[in-house]
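give me a model of this one.
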Amino acid sequence: MGSLSKNGKFCSVGPMRAEPLVQAVAWSNEACVLIDQTQLPGREDYLHCRTVHDLIDAIKRLAVRGAPALGIAGGYGVVLAGREAL
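Coordinates of the predicted model:
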């Protein structure tokens, strides 16, 4: 079961849960992709952190906030650090 929201994005709704319209943290094309929360609610911009330094900067600037998002970003930071070490 699902429907389109007013902005045209698909939202799938199931028993006791709804999938988010926006993904706050994701991995794509060798980068940790974060929604820049400093731009909300006016704009929906994404940061592509390809290095640990980029990710640390995003966290310091509060572009990523909230325990779940910070935890996931930190996990991706470990992946970035591992890639940089190779």
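
now do the helices in the protein.
Under the criterion DSSP state H, the chain contains helices at 52-60, 67-85.

could you dump those helices to a markdown table with mean neighbour count and distance to residue 38?
From N, CA and C alone the C-beta is placed, and that goes for glycine too. As requested, the helices of the chain are arranged in a markdown table below (neighbours: other C-beta atoms under 10 Å; distance: least, C-beta to C-beta, whole Å):
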| stretch | mean neighbour count | distance to residue 38 |
| --- | --- | --- |
| helix 52-60 | 16 | 9 |
| helix 67-85 | 14 | 13 |
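
can you say which of the ones you listed is nearest to residue 30?
Each of the helices of the chain has some distance to residue 30 by C-beta to C-beta; the shortest is helix 67-85, at 7.7 Å.

residues in contact with residue 43?
residue 36 (C-beta atoms under 8 Å, 6 or more residues apart in numbering).

residue 47 too?
Taking C-beta under 8 Å, 6+ apart, we find residue 47 in contact with 33, 34, 35, 36, 54, 58, 63.

ok, it to residue 75 distance?
From residue 47 over to residue 75 the distance is 16 Å, taken as C-beta to C-beta, to the nearest Å.
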